[in-house]
Structures are given as C-alpha cells and as structure tokens.
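> I'll drop the sequence and a predicted model, then ask my questions.
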Amino acid sequence: MKYPYREYVSVFKALADETRLKIIQMLSSGELCACNILEEFNITQPTLSYHMKILTECGLVKGVKEGSWMKYTINNERLEIVKDIYEDVNKNR
C-alpha cells in the first residue's frame, strides 16, 4: 500500500461538496480572505466557517488569522498526494 488511505477519507469527503470544490478552485489562484470567498456565495458567514473548518481539518486548506480576518491557502503538499492517489486509481483501470 503506497498511501495510508484511511488518512485521506476525510479529504475525499470534503471534496464531495459543490461549495467546497468551488472554494478549492478559488484558492488555486492564491491566498484569499474569508470575506472574498464569502462574496462568491449566497451563504452566511457561519456556513462559510463550517465549510472552511472541514477543509482545514482534512488538511487541504491552511488558515492564518491576521487581525480580525482569516486568510486561506491551499495546502499544496496534501493536494499533490490527493492527485497521486487519483492518478494511481485512474491508471489501474
């Protein structure tokens, strides 16, 4: 077994949501403040916090508090492993 798959179940569960997929796509362009992410959705701030908590807890996203703002970036190391897992599954088809 190349990867400890149990560690990545939460990542794939996190990606199984349209809002979180869009957030990952937005963050692929670079760091964003929570307020900038919120502008793209018709959701409340607590709902955004819920989605960001899931993304940070599974390790796909890193959050840093700057004053009263949260800034988020993609955790590229974690994302690369997810891509590798997908590629391994896809090439064995």
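Nice, thanks for sending it over.

> rest of the way, CA atoms for contacts and neighbours
Noted.

> contact partners of the helix or strand containing Val64?
Assigned by DSSP states H and E, Val64 belongs to strand 61-66. Residues from elsewhere that reach strand 61-66 (C-alpha atoms under 8 Å, 6 or more residues apart in numbering): 52, 55-56, 70-75.

> strand partners (parallel or antiparallel) of it?
strand 69-74 (antiparallel) (DSSP bridges).

> what residues sit buried inside the partner strand?
Residues of strand 69-74 classed as buried: 71-74 (neighbour count, 16 or more other C-alpha atoms under 10 Å).

> cool, and stretch 9-16?
10-11, 14-15.

> ditto for stretch 33-41
Counting neighbours by 16+ other C-alpha under 10 Å, stretch 33-41 gives 33-34, 37-38 as buried.

> now swap in stretch 49-61 and tell me
51-56, 58-61.

> and for stretch 18-26?
20, 23-24, 26.

> quick check: mean pLDDT of it?
The predicted model gives stretch 18-26 an average pLDDT of 97.

> stretch 74-90 now?
88.

> longest helix anywhere in the protein?
Counting by DSSP state H, the longest helix found in the chain is helix 76-91.

> if we can go back for a sec, okay if I get the buried residues of stretch 18-26 as CSV plus distance to Asp88 and secondary structure?
Formatted as CSV, the buried residues of stretch 18-26 follow (distance: C-alpha to C-alpha, whole Å; DSSP: H, G, I helix; E, B strand; the rest coil):
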residue, distance to Asp88, secondary structure
Arg20, 23, helix
Ile23, 25, helix
Ile24, 22, helix
Met26, 26, helix
